[in-house]
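J.: give me the fold of what follows.
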Amino acid sequence: MTAPAASADEVLGAFLSAVAAGDRRRAMAAVDGARKDGLDMRAIYLGVLQPALREVGRRWETGAMTVAQEHLATAITQTAMSRLAGEQFRDTEGGPILLAACVGAERHALGLRMVCDLLELEGWTSLYLGPTVPAADLARMVAERRPQAVALSVSLPPHLLGARDAIAAIRAEGPPQPVVLIGGRAVSGLEMAERLGADLTAVDAGEAVALLKQRLS
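T.: Residues are numbered from 1 along each chain as shown. Predicted coordinates for the structure are as follows:
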């Protein structure tokens, strides 16, 4: 196999500079160039888009970026993900089902989108509900669709109780029980995840994919 002409680190610098400036065309050019140079979707997601979002979040937290700038950077990254996923989408059946959501007031769902897209590459079926899903509606869909796994994301500590209530509602539906993975900046480790009622936690999309594949292989 021929090695990619560009490294993820090289592309990361160009992409981060573009999204920080709110320059969608330059950001898309960085991603398109990476694809032409041989980087696959997984490498771009985990080596470019994910660390870029992490840095954008850090700059927002420290006041180096405004809320508006952070939202624009996130929207540009969503566009890049849609373009990449559209190239790679495969209509497969028979693999495990993942249901992914942010519950209550939580809106930071892009990491979940990455997990869904990466597992689709592995033959899974993902049901991505996105942000601000009511806990009762989430539990109802779990009961209807019977996914093998549920992934939740919590970025802000005040939303942890909502995630706990959502997991309790899922558990109340009875067997068969899905594996529940929870991640996001507000989740500090496995002990916290288990207190919330989850089975697993991950620090990023790559680890989430690896843990879910390991548990459900």
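
J.: what helices or strands is the helix or strand of the chain with the lowest mean pLDDT leaning on?
T.: Across the helices and strands of the chain, mean pLDDT, DSSP states H and E gives its lowest value to helix 67-88, namely a mean of 91. Of the remaining helices and strands, those touching helix 67-88 by 3 or more C-beta pairs under 8 Å, 6 or more residues apart in numbering; DSSP states H and E are helix 8-20, helix 24-36, helix 41-44, helix 50-61, helix 110-121. (Glycine included, C-beta is placed from N, CA and C.)

J.: between the two ends of stretch 94-110, what distance do you get?
T.: This stretch, stretch 94-110, spans 25 Å end to end (C-alpha to C-alpha, to the nearest Å).

J.: in it, what counts as buried?
T.: Within stretch 94-110, the residues that qualify as buried are 96-104, 106, 108-110, counting by 16 or more other C-beta atoms under 10 Å.

J.: in its sheet, what does the longest strand anywhere in the chain sit against?
T.: As far as residue count goes, and with DSSP state E defining each element, the longest strand of the chain is strand 125-133. Strand 125-133 has the following strand partners under DSSP bridges: strand 97-103 (parallel).

J.: the inter-axis angle of the strand it pairs with versus helix 110-121?
T.: Here strand 97-103 runs at an angle of 170 degrees relative to helix 110-121 (axes from the mean of the first three to the mean of the last three C-alpha atoms, to 10 degrees).

J.: mean confidence (pLDDT) on strand 97-103, please.
T.: Confidence over strand 97-103, taken as the mean pLDDT, stands at 96.

J.: for it, C-alpha coordinates in CSV please.
T.: As requested, C-alpha coordinates have been extracted for strand 97-103 and formatted as CSV (Å, rounded to 0.1, in the frame of the first residue of the first chain):
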residue,chain,number,x,y,z
ILE,A,97,-27.0,-0.9,15.8
LEU,A,98,-25.7,2.2,17.6
LEU,A,99,-28.1,4.9,18.8
ALA,A,100,-26.4,8.2,19.6
ALA,A,101,-27.7,11.4,21.2
CYS,A,102,-27.2,14.3,23.5
VAL,A,103,-30.1,14.6,26.0
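
J.: so how far is it from its chain's centroid?
T.: Centroid separation for strand 97-103 versus its chain: 10 Å, with C-alpha atoms, centre = their mean, to the nearest Å.

J.: cool, and stretch 20-29?
T.: With C-alpha atoms, centre = their mean as the basis, stretch 20-29 stands 21 Å off its chain's centre.

J.: so what touches that stretch?
T.: In this structure, residues lying in contact with stretch 20-29 by C-beta atoms under 8 Å, 6 or more residues apart in numbering are 14-15, 17-19, 56, 59, 65, 69, 72-73, 76-77, 79-80, 83.

J.: ok, I182 touching H159?
T.: No. Proximity of I182 to H159 does not meet the contact threshold set by C-beta atoms under 8 Å, at 11.0 Å.
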